[in-house]
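# all I have is the shape, not the residue letters:
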């Protein structure tokens, strides 16, 4: 009878372990889903950042050219005054 009780106890403990592992697996599954979603969002944000970088690069180039022209005009005015 004690062997049957011990076997019963082992199976109850095994059942608890299986339930705990199921909970852990559910959490892992949820976390993986979150990572996938956040990776998609990150990709979108990186694309937006790349577009913004390209447009600001063009604006910087235009500002640099305008400053260069102004400096050259200033040098011409000083030279011929």
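Noted; the coordinates are in hand. Computed from a predicted model, the values in this text were never measured in an experiment. Residues are numbered from 1 along each chain as shown.

# mean confidence for the one helix or strand residue 65 maps to?
Using DSSP states H and E, residue 65 falls within helix 2-79. For helix 2-79, the mean pLDDT works out to 92.

# how far does it sit from its chain's centre?
Centroid separation for helix 2-79 versus its chain: 1 Å, with C-alpha atoms, centre = their mean, to the nearest Å.

# mind giving me the packing neighbours of that helix?
Here helix 2-79 touches no other helix or strand, going by 3 or more C-beta pairs under 8 Å, 6 or more residues apart in numbering; DSSP states H and E. Where you see a C-beta, it was placed from the backbone N, CA and C, and this is true even at glycine.

# do you know how far residue 71 is from residue 22?
72 Å (C-beta to C-beta, to the nearest Å).

# go on, residue 30?
Per C-beta to C-beta, residue 30 is found 13 Å from residue 22.

# what's near enough to touch the residue positioned nearest the centre of the chain?
The structure's the chain has its C-alpha centroid closest to residue 42; by C-alpha atoms, centre = their mean the separation is 4.1 Å. By C-beta atoms under 8 Å, 6 or more residues apart in numbering, residue 42 lies in contact with nothing.

# what's the separation between it and residue 77?
52 Å.

# for residue 14, same thing?
Counting by C-beta to C-beta, the gap from residue 14 to residue 77 is 92 Å.

# do the same with residue 64
Relative to residue 77, and taking C-beta to C-beta, residue 64 is found at 21 Å.
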